[in-house]
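Chemist: fold the stuff below for me.
(chains A and B)
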Amino acid sequence: MHDIKKIRNNFEEFVANLNKRGGSINIAPFIEMDKKRRDIIVEVEALKSKQNQVSKTVPALKKEGKDTAPIFAEMKELSDQIKGFDATLSQLEGEMEAFLLQVPNIPSCLVPEGADETQNQEVRKHLEPTQLGFEATPHWDLGKNLDIMDNETAGKVTGSRFMYLKGAGARLERALINFMLDLHVAEHGYTEVYAPFIAHERSMQGTGQLPKFKDEAFKLEGWDYYLIPTSEVTVTNMHREEILEGACLPIKYTAFSACFRSEAGAAGRDNRGLIRQHQFNKVELVKFAHPNNSYDELEKLTANAEEVLKRLGLPYRVVKLCAGDLGFSSALTYDIEVWMPSYNRYVEISSCSNFEDFQARRAGIKFREAAGEKTQFVHTLNGSGLAIGRTMAAIMENYQNEDGSITIPKALQPYMGGMDKII
RNA sequence: GGAGGAUUAGCGAAGUGGCCAUAACGCGGUGGUCUUGAAAACCAUUUGGGGGAAACCCCACGGGGGUUCGAAUCCCUCAUCCUCCGCCA
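Modeler: So this is what the prediction gives:
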């Protein structure tokens, strides 16, 4: 959500910045609605002021025993007029909100120009791509052969794009969750949160999943509830409609959750195995930061997510998304991509973004620098730290042995009850 | 799921149709007086949003709707909390 005043006062600059994303937005109807809205407000408030003035004199008139009927008749007319204006106004404001909710965030000045992911910029790289010395087996084949992954049973019980994990596979999922949460809590200073997997419509709107991406979300029939596509929704909205104390910032949360995505239109190649599921687990990092240092906080958050891959010894690179590839709510995003041997390329495993005040405006998350100061919107940030399923896939593929077994990375062995290999 | 009660500022709380929302009263916060300093006492100050060039005006008593000339107050509805009952991991 954008500041109406900002749009009103610099709308050419606003449109130019927005169009860096590749669209072309027509803001003129909005400017017209805004003008009309303010005209109506001036008119209706004058009427309300009169209504208040007259109402104040009523008790005195009654006390004096005067006849109030003519005044009431006149006031009835005024009251009806006010109701008419208020109805027009609320409809207009509804239209304006509906318009604004569809407008994506402005890319930060740090975002490179570009139309699509081919123009994203590689920022840094850790480790060289794994040299197995034999042909890489995709993780879904490894998983099936080791009897730790079973998508056929999932198909029987639920449907496609779901997965059963068994034995060491299920254990590995749990180990990764605990390993990541422990790292972020004990070493990176995040507060662990366990949040609902379902959120109402306004929360989904608060973080920007709605109204534009309705098709991506699973809605509960008969309810205004959605399965969360990421715990970003339930964690960021923890502080919706709140005024935080400036001294508390930055607030840092880490949360494990299942995530649910319809993945509408994402059929086809590169989606097998654990890469693109309707349900997957994720450990999320969320920050509420002071506007002055939110970009430093983004660097730290990204480094915190990278640390997971470093400890697991997985090769990765960090790319800065160009304007055309930037998510709807984001002002700047770093994607972390892990090396996937069977793909012979990097695959996204985390997306770390600064939303500046875009989500904060939608969700009403403010802070006060100090007592007596004006309130301002916080900057919100988040990133995966990391997606569990894709991390498991990356471990299976990068740590596979020629005999089809999988070595467990050292850092995970304590979480696997000392197991060092899945055979 | 059923019955009853509650929701007012940072906290507690008064207010049951107009004279009560810059919201009584108490606590807390901030500034000051006094003091070597502190405490105490005293004085002042302390919600958020919108419109307007400004003066100033409008809105908000858990959310939304209604009745009324006028709603914190009456009605409907939703949410949350408390008590009891039912059910349950």
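
Chemist: ok, the residue of the stretch 301-423 of chain A found nearest RNA strand B - contacts?
Modeler: Here the stretch 301-423 of chain A gets closest to RNA strand B at one residue, residue A:375, 4.3 Å apart by C-beta to the nearest atom of the strand. Backbone N, C-alpha and C define where each C-beta goes, glycine included. Contacts for residue A:375 (C-beta atoms under 8 Å, 6 or more residues apart in numbering) come out as A:243, A:366-368.

Chemist: what of residue A:129?
Modeler: Going by C-beta under 8 Å, 6+ apart, the list of residues near residue A:129 reads A:315, A:339, A:341.

Chemist: which pLDDT value belongs to the residue of the stretch 301-423 of chain A closest to RNA strand B?
Modeler: Reading off the confidence values, residue A:375 has pLDDT 85.

Chemist: beta partners for the residue nearest to it when sequence neighbours are not counted?
Modeler: Leaving aside its chain neighbours, residue A:375 sits nearest to residue A:366 (4.4 Å; criterion: C-beta to C-beta, 6 or more residues apart in numbering). Per DSSP bridges, residues listed as beta-bridge partners of residue A:366: residue A:243, residue A:377.

Chemist: wait, residue A:366 touches residue A:379, no?
Modeler: No: assessed by C-beta atoms under 8 Å, residue A:366 is found out of contact with residue A:379, at 11.3 Å.

Chemist: for burial, what's the neighbour tally of the residue nearest to residue A:123 when sequence neighbours are not counted?
Modeler: Distances taken as C-beta to C-beta, 6+ apart place residue A:318 nearest to residue A:123, at 4.6 Å, with adjacent residues excluded. Using other C-beta atoms under 10 Å, residue A:318 has 20 other residues around it.

Chemist: quick one: distance of whichever strand or helix holds residue A:318 to the chain centre.
Modeler: Per DSSP states H and E, residue A:318 falls inside strand A:316-320. How far strand A:316-320 lies from its chain's middle: 19 Å, per C-alpha atoms, centre = their mean, to the nearest Å.

Chemist: got the buried residues for whatever helix or strand comes next after that strand?
Modeler: Using DSSP H and E, the helix or strand that follows strand A:316-320 in sequence is strand A:332-340. Within strand A:332-340, the residues scored as buried using 16 or more other C-beta atoms under 10 Å are A:332-340.

Chemist: near RNA strand B, list only the ones from these.
Modeler: Among the buried residues of strand A:332-340, no residue sits close to RNA strand B (C-beta under 7 Å from any atom of the strand).

Chemist: out of those, who's nearest residue A:9?
Modeler: Nearest to residue A:9, judged by C-beta to C-beta, of the buried residues of strand A:332-340 is residue A:332 at 23.7 Å.

Chemist: how many neighbours does the nearest residue to the closest one once chain neighbours are set aside have?
Modeler: Nearest residue to residue A:332 in three dimensions, chain neighbours excluded: residue A:108, at 4.3 Å (C-beta to C-beta, 6+ apart). When neighbours are defined as other C-beta under 10 Å, residue A:108 has 18 of them.

Chemist: likewise for the one 4 residues further on?
Modeler: Residues lying near residue A:112 (other C-beta under 10 Å) number 16.

Chemist: name the residue of the stretch 151-300 of chain A that lies nearest to RNA strand B.
Modeler: Closest to RNA strand B within the stretch 151-300 of chain A is residue A:243: 6.4 Å, counting by C-beta to the nearest atom of the strand.

Chemist: please report how far that residue lies from residue A:252.
Modeler: When distance is defined by C-beta to C-beta, to the nearest Å, residue A:243 is 19 Å away from residue A:252.

Chemist: now residue A:32
Modeler: Applying C-beta to C-beta to residue A:32 and residue A:252 gives a distance of 43 Å.

Chemist: so those two - more neighbours on which side?
Modeler: A count of neighbours by other C-beta under 10 Å puts residue A:252 above the other of residue A:32 and residue A:252, at 21 against 10.

Chemist: for the more buried one, helix, strand, or coil?
Modeler: Assigned by DSSP: H, G, I helix; E, B strand; the rest coil, the conformation of residue A:252 is strand.

Chemist: identify the residues contacting the residue nearest to it when sequence neighbours are not counted.
Modeler: Closest residue to residue A:252 apart from its sequence neighbours, by C-beta to C-beta, 6+ apart: residue A:190 at 4.4 Å. Counting by C-beta under 8 Å, 6+ apart, residue A:190 touches A:184, A:252-254, A:285, A:304.

Chemist: quick one, phi psi at residue A:190?
Modeler: Main-chain torsions, residue A:190, degrees, to the nearest 10: phi -90, psi 150.
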